[in-house]
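S.K.: Structure of the sequence below:
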Amino acid sequence: MRHHLLAATAMAAALIAPSIASAANYTVWVHGRNTSGNTQPGNHSYFGYWGSASSAAGVNKRAANWDGTSKIADQNYRIRDALDCYCTGTNFCYLAGHSAGNAQIGYALAQYGTSTRTKKNATPNASGVCGNATGSAAGTQSGWNIKWVDIASGAAGGSELANLGHWAVSDPLTGDLRTATMRALYNHNNTQGKWFYMFAGSKGTAYSGALPGQDDEAVAYHSTGGVSQTGSFCNPGDLFCDGDLGTGTTGAYKGSTLIKLYTNHTVELRDNNEAYNHYSNGAWAGIVGPVRQDIATYAL
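M.R.: Numbering: from 1, shown residues only. You can find the predicted model right below:
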């Protein structure tokens, strides 16, 4: 079921459930790799990585900023802090991630998605930590209240650019982004039942020839499509590939063999026209653009 239908169902339920009228929905954005310092870790109001903070980007939008260069495991507490803030108690969240933000969300769900969380009051301090809920709202719960997840150019399957040292940098995250490392980092099938809607760009360039199949200059379709194996996957009709990346939950082909997507993953957008590259450029650009539009329409 497409997530806008789920959103409509949730809105209808809210109209007939006055007992939860005080509940709020939030949209939490999780950015990817960033070596320019254009992040403010713990500041949930700063959207410099993405674009103008005045742009429509989902109900009660918040930014789960992290340093953008450390290993996933070392900075994942920043994402968990944001999920605790806005996705516990009577509050629910829509999540949006870009590039390595895909891995940050997936890691949080797989590693901590059934852990005991203290219900929070959605009011963060300067470090991005919210106070505990009080009164009848206080208590604990298992995991987080998440509706669904939109992913722009997900790097949870890793990138061959990291494998081959094309990113000649020393940041620890690049080590995580190797394809074998990233795919072994956590159980990608364990999404706690939450659906990941994958938006896969394919506006590559000459130097991205190191990437197999269709790519967006930084990550190939095997990762951005949520495919459970690496491979050279393309748009229909393109030559010199293992096979096509299907839309929806179809999967991808290696010759006549169908390779499944990870559990609860679906390809929402396959960039047949090669229109979207990887980069948001601080302007909601590239493949981030259609994700922002989708979130603005359905994260209500």
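S.K.: Show me the strands in this protein, by range?
M.R.: If DSSP state E is used as the criterion, the strands of the chain fall at 25-30, 61-63, 92-98, 116-118, 120-124, 130-132, 140-142, 146-152, 196-200, 233-234, 243-244, 252-254, 257-259, 265-270.
S.K.: Relative to residue 170, which of those strands is closest?
M.R.: Among the strands of the chain, strand 92-98 comes nearest to residue 170, with 22.4 Å by Cβ to Cβ. Where C-beta positions appear, they are placed from N, C-alpha and C, glycine not excepted.
S.K.: Report all helices and strands that that closest one contacts.
M.R.: Secondary-structure packing of strand 92-98 (3 or more Cβ pairs under 8 Å, 6 or more residues apart in numbering; DSSP states H and E): strand 25-30, helix 100-112, strand 146-152, helix 288-298.
S.K.: can you do 6 Å?
M.R.: Based on contacts counted as 3 or more Cβ pairs under 6 Å, 6 or more residues apart in numbering; DSSP states H and E, the elements that strand 92-98 packs against are strand 25-30, strand 146-152, helix 288-298.
S.K.: could you dump it to PDB, C-alpha only?
M.R.: Output of strand 92-98 as PDB, limited to C-alpha atoms (Å, rounded to 0.1, in the frame of the first residue of the first chain):
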ATOM      1  CA  PHE A  92       4.100  10.100  15.600                       C
ATOM      2  CA  CYS A  93       6.800  10.700  13.000                       C
ATOM      3  CA  TYR A  94       7.400  10.600   9.300                       C
ATOM      4  CA  LEU A  95      11.100  10.100   8.500                       C
ATOM      5  CA  ALA A  96      13.100  11.300   5.500                       C
ATOM      6  CA  GLY A  97      16.700  10.400   4.900                       C
ATOM      7  CA  HIS A  98      19.400  11.200   2.300                       C
END
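S.K.: if I read this right, residue 197 contacts residue 268, doesn't it?
M.R.: Yes: look at residue 197 against residue 268 with Cβ atoms under 6 Å: they come within range, at 4.1 Å.
S.K.: For residue 78, which of the strands of the chain is the nearest?
M.R.: When those are compared (using Cβ to Cβ), the closest one is strand 25-30, at 8.9 Å.
S.K.: Now stretch 276-293: buried residues?
M.R.: By neighbour count, with 16 or more other Cβ atoms under 10 Å as the criterion, the buried positions of stretch 276-293 are 276-280, 284-292.
S.K.: typo on my end, stretch 90-104
M.R.: Judged by neighbour count using 16+ other Cβ under 10 Å, the buried positions of stretch 90-104 are 91-104.
S.K.: all helices for the stretch 201-300 of the chain, in order.
M.R.: In chain order, the stretch 201-300 of the chain shows helices spanning 221-224, 288-298, with DSSP state H, counting those that start in this stretch as the criterion.
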